[in-house]
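Asks: Below is the sequence, then the predicted model.
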Amino acid sequence: MTDWFARPVLHVADVEASIRFYVDRLGFTSSWRYEEGGRAYVAQVEREGCALILSDQWPEKVSKGLMFISLNLERDAQIAALDALRAELEAKGVPVKEGWWGYRLLVVNDPDGNQLFFNYPKETAPGGSQD
């Protein structure tokens, strides 16, 4: 069986500024970048198995990204991890919003308006069924 690995591209206006936001504010690391003439055009940032590519090569696509990021944890551990992430980001001054898409979301906008959706587990309705 083949293992697939996906790395979505988020379109940004300034790769260097985006790297700083993702590293300094969101806790990612910068694993590589493509530069020409001392200017970064494409880079990858990573955090705990989540890899994102940042690119300024298609300016017409800036701010149109939407990324769902799910944690592979048991329900209670997932809730605790997302609550801790929220506290970490807010302590760094990152605006965090509540969202909803059939279930609760933690929403973070990057400086270009791309959105990161971290989903909480779907609530279980009384009687054990899911909505």
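Replies: Now that the structure is in, tell me what you want to look at. Residues are numbered from 1 along each chain as shown.
Asks: Secondary structure class of the most centrally placed residue in the chain, three-state.
Replies: What sits nearest the mean C-alpha location of the chain, by C-alpha atoms, centre = their mean, is residue 116, with 4.2 Å. The three-state label given to residue 116 by DSSP: H, G, I helix; E, B strand; the rest coil is strand.
Asks: do the same with residue 22
Replies: Assigned state for residue 22: helix (three-state reduction, three-state DSSP).
Asks: give me the beta-bridge partners of the residue nearest to the centre of the chain?
Replies: Bridge pairing for residue 116 (DSSP bridges) gives the partners residue 67, residue 108.
Asks: and the gap between it and residue 46?
Replies: Using C-beta to C-beta, to the nearest Å, residue 116 is found at 14 Å from residue 46. Heads up, the C-betas are built off the backbone N, CA and C, glycines and all.
Asks: ditto for residue 12
Replies: Residue 12 sits 16 Å away from residue 46, going by C-beta to C-beta.
Asks: of the two, who's got more company?
Replies: When residue 12 and residue 46 are compared for neighbours, residue 12 comes out ahead with 28 against 16, by other C-beta atoms under 10 Å.
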